[in-house]
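Colleague: sequence? don't have it. structure:
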């Protein structure tokens, strides 16, 4: 039953406080959501609420309850600028994508950035440094980090074990009288992995009273044993956003069989979302399908509950089987899918994919003359064939063939090891300049390799194409103002850094003193003029280093 006991214990200890409104809306705006807990996002469950801020930045954000600031994090992606507040009831709230913090926090963070000479920073202040009362102003809302539009990302976590808890279970003022909307039913052949087939998609029709029926009413299936999936979304009053659902339960012939529940998810388990959805359909057709069966590699903290079964439906008797799926949100609004399934009498299976079979919970490998790869116990969610091919290199700096491993629609939970042998000798002086380049469609990423005799190795968390490349070109620094120009009327200066395979480190100084340039969303490096750059003539120096140590030093003079 995963951690439901600890969650109930926590809830029970403070149930009276929650009933009285332990947490407040962290904004002064109506609580409208553009995202909710457990919502399906690329490679992760959404771990909190996205609260709308009227599509603008710099709305005041307040402490949701009494407590103290326990952590402050600033990063170019992810949460951007974030504050964590620890509360006496055993929970921690998180506020992310912020702009400026309140003056006392902002001052302390800036001091720490200059002391550590790093804009990106992760701080853990003492509990007596920044005590807060419920409703105290903590920051302004923003759009920093991995945010695509202005909003506040808000989470509640169990402080002790780190599980994120569904905030909608805590009586926030969100008006919701709307049941989830269902868009499709999906049927899978149980004898194949989900990556070896395309599901049979069955249309559903709203028959009224939030009851959805299939077209046709009795669905003939070309497989004796099947499992199901469905697509659905939720919304709430005064909102048009398509948010995630909270719970789904499968009933077979009137009996509960399997269910899943989005009540709590550990931050370290969020990538297991790829084991909950039909990943192949999501990546190839952009359709999100919840699976009503648990893949064997989804552990240890699965969202699934096995009620009386595992989601497998045996149709081999040729009879009609009644199926009902109840889908609900956190406010107990419910929709139902009803259908009847029957074996057609003829099994039609997709062609089995080529490649060596790999299994969850098993370390195994593949060896070819110029490439080897090894897949660990925690990599795969279910048994599936992984194919391989040696192809012609595509990068102009390649020193090996390109090696195709697996399909991009097969997800990995943890990294696997790839070893490649170059097709021509790489001098010892250039081995430190060697990268392994991963590509998949328009996506790419590079990792510095480790050498073992003639083999170069690196780890990746996606299947695709791999080739060794030599990187001897340093990053390029581009200043966004002219040499010797006056910046007297400007509030900031900026520059950009680019590199074919990515850069690792950028250090900026003015008059040989470290200066805090921000790098939100990994875009421009921006410095807002302050007491660290007084009026007069100055020289900005930027040192940019790439993944293999190639370094560029660029300087420019300006007047303020």
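Modeller: Done, it's in. All figures in this text were calculated on a predicted structure; none of them were measured in a lab.
Colleague: residue ranges with poor pLDDT in the protein?
Modeller: 1-20 (pLDDT under 70).
Colleague: longest single helix anywhere in the chain?
Modeller: helix 103-116 (DSSP state H).
Colleague: list the buried ones in that helix?
Modeller: 105, 108-110, 112-113 (16 or more other Cβ atoms under 10 Å). Every residue, glycine included, has its C-beta placed from N, CA and C.
Colleague: in stretch 156-165, what counts as buried?
Modeller: 156-159, 163-165.
Colleague: what lies in contact with that stretch?
Modeller: 3, 6-7, 10, 23, 37, 47-48, 86-87, 90-94, 155, 166-167, 170, 263-268 (Cβ atoms under 8 Å, 6 or more residues apart in numbering).
Colleague: give me the buried subset of the residues you listed.
Modeller: 3, 7, 10, 23, 37, 47-48, 86-87, 91-94, 155, 166-167, 170, 263-266.
Colleague: could you redo the buried residues of helix 103-116 as a markdown table and give each row distance to residue 134?
Modeller: Below are those laid out as a markdown table (distance: Cβ to Cβ, whole Å):
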| residue | distance to residue 134 |
| --- | --- |
| 105 | 17 |
| 108 | 22 |
| 109 | 23 |
| 110 | 27 |
| 112 | 26 |
| 113 | 29 |
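Colleague: domain map for the chain?
Modeller: Domain assignment of the chain by automatic domain parsing yields the ranges 4-169, 181-343, 356-470, 476-559.
Colleague: adding distance to residue 175, write those out as TSV.
Modeller: TSV is the format used below for those (distance: least, Cβ to Cβ, whole Å):
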stretch	distance to residue 175
domain 4-169	8
domain 181-343	4
domain 356-470	36
domain 476-559	33
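Colleague: so which of the ones you listed is nearest residue 350?
Modeller: Closest to residue 350 of these, according to Cβ to Cβ: domain 181-343, at 4.7 Å.
Colleague: measure how far the closest one is from the centre of its chain, please.
Modeller: When distances are taken as Cα atoms, centre = their mean, to the nearest Å, domain 181-343 is centred 22 Å away from the chain's centroid.
Colleague: compute the first-to-last residue distance for it.
Modeller: Using Cα to Cα, to the nearest Å, the end-to-end distance of domain 181-343 comes out at 28 Å.
Colleague: same deal with stretch 181-195?
Modeller: End-to-end span of stretch 181-195 (Cα to Cα): 27 Å.
Colleague: go on, stretch 422-439?
Modeller: 17 Å.
Colleague: how about stretch 170-179?
Modeller: Stretch 170-179: ends 19 Å apart by Cα to Cα.
Colleague: please point out which parts of that stretch sit buried.
Modeller: 170, 172, 174, 176, 178-179.
Colleague: now the residues you listed as JSON lines including secondary structure and distance to residue 236?
Modeller: Output for those, formatted as JSON lines (DSSP: H, G, I helix; E, B strand; the rest coil; distance: Cβ to Cβ, whole Å):
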{"residue": "170", "secondary structure": "coil", "distance to residue 236": "15"}
{"residue": "172", "secondary structure": "coil", "distance to residue 236": "11"}
{"residue": "174", "secondary structure": "coil", "distance to residue 236": "6"}
{"residue": "176", "secondary structure": "coil", "distance to residue 236": "4"}
{"residue": "178", "secondary structure": "coil", "distance to residue 236": "6"}
{"residue": "179", "secondary structure": "coil", "distance to residue 236": "11"}
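Colleague: of those residues, just say which sits nearest to residue 461.
Modeller: For these, the closest approach to residue 461 (Cβ to Cβ) belongs to residue 170, at 33.6 Å.
Colleague: re the thing from before, adding distance to residue 65, write the buried residues of stretch 170-179 out as TSV.
Modeller: Formatted as TSV, the buried residues of stretch 170-179 follow (distance: Cβ to Cβ, whole Å):
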residue	distance to residue 65
170	10
172	12
174	17
176	22
178	28
179	31
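Colleague: tell me which of the contacts of stretch 156-165 fall in strands.
Modeller: Assigned to strands by DSSP state E, the following of the contacts of stretch 156-165 qualify: 86, 91-94, 155, 264-266.
Colleague: what is the nearest of those residues to residue 183?
Modeller: Of all the ones in strands among the contacts of stretch 156-165, residue 183 sits closest to residue 265, with 23.6 Å by Cβ to Cβ.
Colleague: contacts only, for that closest one.
Modeller: Contacts of residue 265 (Cβ under 8 Å, 6+ apart): 38, 45, 47, 163-164, 301, 303.
Colleague: distance check, it against residue 135.
Modeller: 28 Å (Cβ to Cβ, to the nearest Å).
Colleague: what about the spatially closest residue to residue 456 that is not a sequence neighbour, how many neighbours?
Modeller: Closest residue to residue 456 apart from its sequence neighbours, by Cβ to Cβ, 6 or more residues apart in numbering: residue 449 at 3.9 Å. A count of neighbours around residue 449, defined by other Cβ atoms under 10 Å, yields 22.
Colleague: cool, and residue 389?
Modeller: Other residues lying near residue 389 total 14 when counted by other Cβ under 10 Å.
Colleague: helices along the stretch 251-400 of the chain, start to end?
Modeller: Along the stretch 251-400 of the chain, counting by DSSP state H, counting those that start in this stretch, helices occupy 273-276, 279-285.
Colleague: what sits up against the shortest one?
Modeller: Surrounding helix 273-276, the residues in contact under the criterion Cβ under 8 Å, 6+ apart are 40-41, 43-45, 260, 290-291, 294-295, 297-298, 303, 381, 411, 413.
Colleague: and the residues you listed, which of them are buried?
Modeller: 40, 44-45, 260, 290-291, 294-295, 297-298, 303, 381, 411, 413.
Colleague: strands of the stretch 151-300 of the chain, start to end?
Modeller: Secondary structure of the stretch 151-300 of the chain by DSSP state E, counting those that start in this stretch: the strands cover 151-158, 163-165, 181-189, 200-202, 204-206, 211-221, 225-233, 247-252, 255-261, 264-266, 290-291.
Colleague: can I get those in a markdown table with distance to residue 498?
Modeller: Formatted as a markdown table, the strands of the stretch 151-300 of the chain follow (distance: least, Cβ to Cβ, whole Å):
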| stretch | distance to residue 498 |
| --- | --- |
| strand 151-158 | 29 |
| strand 163-165 | 36 |
| strand 181-189 | 42 |
| strand 200-202 | 43 |
| strand 204-206 | 48 |
| strand 211-221 | 50 |
| strand 225-233 | 39 |
| strand 247-252 | 46 |
| strand 255-261 | 44 |
| strand 264-266 | 37 |
| strand 290-291 | 40 |
